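Undergrad: kindly generate the corresponding structure for this input.
(one chain, ligands or ions: 2)
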Amino acid sequence: MGLPAELYGDFVIEDVRARMILDSRGNPTVEAEVVTRGGGFGRAAAPAGASKGSHEALELRDEGKAFKGKGVSRAVYNINSVIAPRLRGLDSRHQRLIDSLMCQLDGTPNKSRLGANAIVAVSLAVAKAAADTASVPLYEYIGGVGGTFILPVPLLNIINGGAHAGNELSFQEFMIMPVGADTFSDAIRIAVEVYHTLKGVLKEKYGAMAVNVGDEGGYAPPMKKNREALDALIKAISKAGYTPGQEVLLALDAAASHFYDKSRNAYIVDGEQLSREELLEYYMRLVDEYPIASIEDPFYEEDFEAHAELTSRIGNRVAIVGDDLYVTNLERLRKGVEMRATNAALLKVNQIGTLTEAMDYARAAAASGMKVIVSHRSGETEDTAIAHIAVGMRTGFIKTGAPARGERTAKYNELLRIEEELAGDAVYAGRLALRGLIYFYTARGILQA
Ligand SMILES: C=C(OP(=O)(O)O)C(=O)O
Ligand SMILES: [Mg+2]
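TA: Ligands and ions are numbered 1, 2, ... in the order given. This next block holds a predicted model:
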């Protein structure tokens, strides 16, 4: 069969170009555009982390004075002068081939020559251009037609701590999961009601300054202990008229590498020094006291054993999620699977650098029974690709900040549009997630976790 020659020609990449734009922290980042012969257009931008895992692919930054050494002119140059000439004339649908060509051109294990920021922007822009040429939305291009799409449960980070805020909270993210809704739009309404109610709760107890926001749009109150944040969330959920543990669950990103003191082999939590065993007990108490459904990076990024211990103790009722632990890297994920380190994996495309590698990682995680959470970075742009990846890959979960700040609402708003577009052909993952019935799209088809 195959497509007629004229149609095949439509998908041919005619141009690839790049520019510097700003991310949500006011830092330069790189944006790529791909144009196909048929007039298809794709534009994508690289996000940037603040609490990065040390095994992430490298984000190439300039060393000169401009932007205090944070510029991206080298990454932009690499797209325009190294990548673009090699991509022109290729079929934009050949994502795997194009991604591996970029990996070859780079030639390093961590994409340090061309920069993962350069590569990820092009990789996503190629997929968007191919989808546009085919006149299908990106989620459909990624996920294919014929199966029910799943609108993900959002994990909304509404209290910011750690590296994302100027307060003393040791955990980085205190999130809510509005599972008790029938639709994604209803889940967002619940989340917004809790977010706004939380503002009042925080003002009342900590004063007006407490509702200044952190990098991901969550409030950054002057709290000292993690339980203060959890108590505030519970109060806000109840005051907004919902039942914690039923309609709304809690989720944490401890981001423990950032409060791990290597020299003492100990964790500094709530101003106290805890051994790995004491931290494990601390988590066990927290999940008994609060309706916590998910804990990301509970231990520092090299301690697979401690993750495995926690997963064996509470993995039957709580998602233990690897972010800095896996950095969207298949090799590290495989080690995690072998050691049963976690039962869930975070997916950040820019941690590894190409859409193909990120999708391989998601499939491998799902095939081993792990839940997959598609994630933004703390430094974001208006790019909405991750909303499409979550729907297309039917991961059932997305974490993309508070329901405020344009770079975060860009993703939630895109999901609202997708929901409307799919109408009855999509289900909201909320109650499915509650019952552990999330379906994953895998290379071999649909798999029930
Ligand atoms: C989103 C996160 O933060 P960052 O982008 O700063 O790594 C995270 O740690 O999950
Ligand atoms: Mg994290």
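
Undergrad: is D91 in a bridge, and if so with what?
TA: According to DSSP bridges, the partner residues bridging D91 are V12.

Undergrad: for the helix ranked longest in the chain, buried residues please.
TA: Among all segments of the chain classified by DSSP state H, the helix with the greatest residue count is helix 184-206. By neighbour count, and taking 16 or more other Cβ atoms under 10 Å as the criterion, the buried residues in helix 184-206 are 184-185, 187-188, 190-195, 197-199, 201-202, 206. Any C-beta I mention is one placed from the backbone N, CA and C, and that applies to glycine too.

Undergrad: and the residues you listed, which is closest to ligand 2?
TA: A191 (19.2 Å; Cβ to the ion).

Undergrad: so the closest one makes contact with G180?
TA: No - here A191 lies out of contact with G180, judged by Cβ atoms under 8 Å, at a distance of 11.4 Å.

Undergrad: hang on, the earlier thing: what does the longest helix of the chain contact?
TA: In this structure, residues lying in contact with helix 184-206 by Cβ atoms under 8 Å, 6 or more residues apart in numbering are 151-154, 156, 158-159, 176, 178-181, 210-211, 219, 221-223, 232-233, 235-237, 239-242, 247-248, 402-404, 412, 415-416, 419, 428, 430.

Undergrad: filter the residues you listed to the buried ones?
TA: Buried residues within the contacts of helix 184-206, counting neighbours by 16+ other Cβ under 10 Å: 151-154, 156, 158-159, 176, 178-181, 210-211, 219, 221-223, 232-233, 235-237, 240, 242, 247-248, 402-404, 412, 415-416, 419, 428, 430.

Undergrad: nearest spatial neighbour of the closest residue to ligand 2 within the stretch 301-449 of the chain, skipping sequence neighbours?
TA: When you check the stretch 301-449 of the chain against ligand 2 by Cβ to the ion, the closest residue turns out to be D323, at 3.5 Å. Here the nearest residue to D323 in space, its sequence neighbours aside, is L346; by Cβ to Cβ, 6 or more residues apart in numbering that works out to 4.0 Å.

Undergrad: wasn't the one you found part of a strand?
TA: Yes - counting by DSSP: H, G, I helix; E, B strand; the rest coil, L346 is part of a strand.

Undergrad: tell me what it is bridged to.
TA: I373.

Undergrad: check contacts around it.
TA: Applying Cβ under 8 Å, 6+ apart, the residues near L346 are 296, 321-323, 326, 328, 372-373, 375, 399.

Undergrad: can you lay out those as CSV showing distance to D383?
TA: What follows is these, written out as CSV (distance: Cβ to Cβ, whole Å):
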residue, distance to D383
E296, 22
V321, 23
G322, 24
D323, 19
Y326, 22
T328, 17
V372, 19
I373, 18
S375, 13
K399, 15
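
Undergrad: nearest to S73 among these?
TA: Distance to S73, by Cβ to Cβ, is smallest for T328 among the contacts of L346, at 26.0 Å.

Undergrad: count the neighbours of that closest one for me.
TA: Around T328 sit 28 other residues, with neighbours defined as other Cβ atoms under 10 Å.

Undergrad: confirm it sits in a helix?
TA: No - using three-state DSSP, the secondary structure at T328 is coil, not a helix.

Undergrad: what score does it have for pLDDT?
TA: According to the per-residue confidence, T328 scores 98 in pLDDT.

Undergrad: thought it was touching I352?
TA: Yes - taking Cβ under 8 Å as the contact criterion, T328 and I352 are neighbours in contact, 4.2 Å apart.

Undergrad: that older thread, pull up the gap between the residue of the stretch 301-449 of the chain closest to ligand 2 and ligand 1, please.
TA: Counting by Cβ to the nearest ligand atom, to the nearest Å, the gap between D323 and ligand 1 amounts to 5 Å.

Undergrad: and that residue, what does it touch?
TA: Counting by Cβ under 8 Å, 6+ apart, D323 makes contact with 53, 253, 255, 296-297, 346, 348, 375.

Undergrad: tell me how far the spatially closest residue to G39 that is not a sequence neighbour lies from V12.
TA: In space, and not counting its chain neighbours, G39 is closest to T133: 7.4 Å by Cβ to Cβ, 6+ apart. Counting by Cβ to Cβ, to the nearest Å, the gap between T133 and V12 amounts to 9 Å.

Undergrad: list residues touching both of those two?
TA: Shared contacts of T133 and V12, defined by Cβ under 8 Å, 6+ apart, comprise 36, 92.

Undergrad: looking at these two, which is more packed in?
TA: Higher neighbour count among T133 and V12: T133, with 26 against 17, using other Cβ under 10 Å.

Undergrad: ok, that one touching V34?
TA: No - counting by Cβ under 8 Å, T133 does not reach V34; the two are 9.9 Å apart.

Undergrad: correct me if wrong: A32 contacts A44.
TA: Yes - A32 sits in contact with A44 when judged by Cβ under 8 Å, with a separation of 5.9 Å.

Undergrad: okay, and the common contacts of these two?
TA: Among the neighbours of A32, those also in contact with A44 (Cβ under 8 Å, 6+ apart) are 121-122, 124-125.

Undergrad: out of those residues, what pair is the most spread apart?
TA: Across the shared contacts of A32 and A44, the two members that end up farthest from each other (Cβ to Cβ) are V122 and L124, 7.6 Å apart.

Undergrad: hey, what's in contact with both of these two?
TA: Residues touching both V122 and L124 (Cβ under 8 Å, 6+ apart): 32, 44.

Undergrad: who's in contact with the residue most central in space within the chain?
TA: What sits nearest the mean C-alpha location of the chain, by Cα atoms, centre = their mean, is S375, with 0.7 Å. Under the criterion of Cβ under 8 Å, 6+ apart, the neighbours of S375 are 323, 346-348, 386, 398-400.

Undergrad: run the last query once more with 7 Å
TA: For S375, the contacting residues are 346-348, 399, by Cβ atoms under 7 Å, 6 or more residues apart in numbering.
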